[in-house]
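Q: Fold the following for me, if possible:
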Amino acid sequence: MVNNESGVSIRVTVLVALVVGLLAYVGLRLVVDSGHELPQTSWLGVALLVLMAAVMLAAGWEIRRYLGGDSERMPTPQRARRTVVAAQASALGGAVVTGYYAALAVILVPNADVSSVLDGLYRALALCGAAILLAVVGHVVQAWCRIPHDHDDDPKGGGGSRRSTADEEPGPA
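A: A predicted model of the protein is given here:
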């Protein structure tokens, strides 16, 4: 499912969102048809998803700056690895949450003329949007962490592509 070269693909993310959305729709429809209430949503969930996306962007920014040559401070390999894994988890986690809240919104649409249902629909749509944001940020940060082929196993320090030619060892004459 995850290729080590390219990471989590957008196609996989969309597929996860669609499968979870379908399963959640069936499950939520069974809940409604059996006479139970739908799970409640909260604006706090929106804030948490947006905060997670912001933290993910901040974590990836250091790696991006180094690989782009804007920073001389090399991040530790462990931090870079954790960042790319967190980015992939954000992409897939955002897809799962997107699917669930999209299904919830679809269930709520037929009764949107009731003000309490309309409020729940707005929250479900906001949560769905925040989850999409998290998935997109996961893909962006994953791309930021991709090492260009000219950087593979480069022990000569200096971040990114702005390296002095004086740092390079002379080749054979």
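Q: From here on, just use CA atoms for contacts and neighbour counts.
A: Noted.
Q: By mean pLDDT, which helix or strand of the chain comes out lowest?
A: None of the helices or strands of the chain scores lower by mean pLDDT, DSSP states H and E than helix 43-67, at a mean of 92.
Q: so where do the helices sit in this protein?
A: Taking DSSP state H as the test, the helices found in the chain are 10-33, 43-67, 77-108, 115-144.
Q: mind checking how far the longest one is from the chain centre?
A: Centroid separation for helix 77-108 versus its chain: 5 Å, with C-alpha atoms, centre = their mean, to the nearest Å.
Q: buried ones in it?
A: Within helix 77-108, the residues scored as buried using 16 or more other C-alpha atoms under 10 Å are 80, 83-105, 107-108.
Q: Could you do stretch 142-149 as well?
A: Buried residues in stretch 142-149 (16+ other C-alpha under 10 Å): Q142, A143, W144, C145, R146, I147.
Q: From the residues you listed, pick the one nearest G68.
A: The closest of the buried residues of stretch 142-149 to G68 turns out to be W144 (C-alpha to C-alpha; 9.1 Å).
Q: Could you check how many residues crowd around the closest residue to the closest one other than its chain neighbours?
A: Once flanking residues are discounted, W144 sits nearest to R64: 5.1 Å by C-alpha to C-alpha, 6 or more residues apart in numbering. R64 has 21 neighbouring residues, counting by other C-alpha atoms under 10 Å.
Q: Centre-most residue in the protein?
A: For the chain, the residue nearest the mean C-alpha position is G138 (2.5 Å; C-alpha atoms, centre = their mean).
Q: thought that one was touching A91?
A: Yes - if you go by C-alpha atoms under 8 Å, G138 and A91 touch, sitting 4.5 Å apart.
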